[in-house]
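In: Attaching a predicted model along with its sequence, questions to come.
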Amino acid sequence: GAVVSQHPSRVICKSGTSVKIECRSLDFQATTMFWYRQFPKQSLMLMATSNEGSKATYEQGVEKDKFLINHASLTLSTLTVTSAHPEDSSFYICSGAEGEKLFFGSGTQLSVL
Amino acid sequence: SQQGEEDPQALSIQEGENATMNCSYKTSINNLQWYRQNSGRGLVHLILIRSNEREKHSGRLRVTLDTSKKSSSLLITASRAADTASYFCRPFGNEKLTFGTGTRLTIIP
């Protein structure tokens, strides 16, 4: 099946710094990518939908200036958590759509100190 | 947005037993997909059943779909320790979709 590579898998940063998470579709072109956030033992919360070459669509309650999404090519989408704070600590996951199916990255555990 | 609701929220069974989990949804769909998530990992697509199908098999997985009741079930036969994970259903239609809270399956060796 299709593969989505997500990096880094784990990042620890100081409060106030910015963190970039990359998501690459390795063997398919993902015109649409989704970014999720997940708290322990809870479901995925859709944060935003990014389409190649256009602005991302953010879900209600998600600050677009804090969670910057760039989808500059058909195989790469990035999520930048700007000026991270401890409450941003969470598990972030991306997924790319190929047809009707979603293929997920392995996730990034962000810990903000 | 539509999401599937999985039931039960948690399930613990002995290794070798069968595990059944259910999914309910609210609007019309084109297909329904099941995903598995191991702890601290992304989701993995398991199986897709189309709206005109009633049952589908893949290895030890058996999925049923009842569009009249807007429900689906996932059966894992002869469970193994490696099946311990959370399982999510994803009803796929024309709406923007999210995921439910999933069923946390624990296989006891």
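Out: Here it is on my side, so go on. Residues are numbered from 1 along each chain as shown, chains lettered A, B, ... in the order given.

In: near chain B, which residues of chain A show up?
Out: Counting by C-beta under 8 Å from any C-beta of the partner chain, the positions of chain A adjacent to chain B are A:1, A:4, A:6, A:41-46, A:49, A:91, A:93-95, A:100-107, A:109. C-beta here means a position set from N, CA and C on the backbone, and glycine is covered the same way.

In: at 7 Å what do you get?
Out: For chain A, the contact set with chain B under C-beta under 7 Å from any C-beta of the partner chain comprises A:1, A:42-44, A:46, A:93, A:100-107, A:109.

In: What separation is there between residue A:108 and residue A:78?
Out: 11 Å (C-beta to C-beta, to the nearest Å).

In: Could you find the closest non-adjacent residue to the closest residue to chain B within chain A?
Out: Taking C-beta to the nearest C-beta as the measure, the point where chain A comes nearest chain B is residue A:104, at 3.4 Å. Spatial nearest neighbour of residue A:104, excluding adjacent residues (C-beta to C-beta, 6 or more residues apart in numbering or on different chains): residue B:42 at 3.4 Å.

In: Please name the spatially closest residue to residue A:94 (chain neighbours excluded).
Out: Spatially, and ignoring its direct neighbours in sequence, residue A:94 is nearest to residue A:23 (3.5 Å; C-beta to C-beta, 6+ apart).

In: count of neighbours near the residue of chain B found nearest chain A?
Out: Per C-beta to the nearest C-beta, residue B:42 is where chain B lies closest to chain A, at 3.4 Å. Other residues near residue B:42 come to 23 when the count uses other C-beta atoms under 10 Å in any protein chain shown.

In: Any figure for the gap between it and residue A:91?
Out: 9 Å.

In: okay, and the common contacts of these two?
Out: residue A:107 (C-beta atoms under 7 Å, 6 or more residues apart in numbering or on different chains).

In: Determine the number of other residues adjacent to residue B:59.
Out: For residue B:59, the count of nearby residues is 9 (other C-beta under 10 Å).

In: Correction: the previous question concerned residue A:91.
Out: Neighbour number of residue A:91 under other C-beta under 10 Å is 19.
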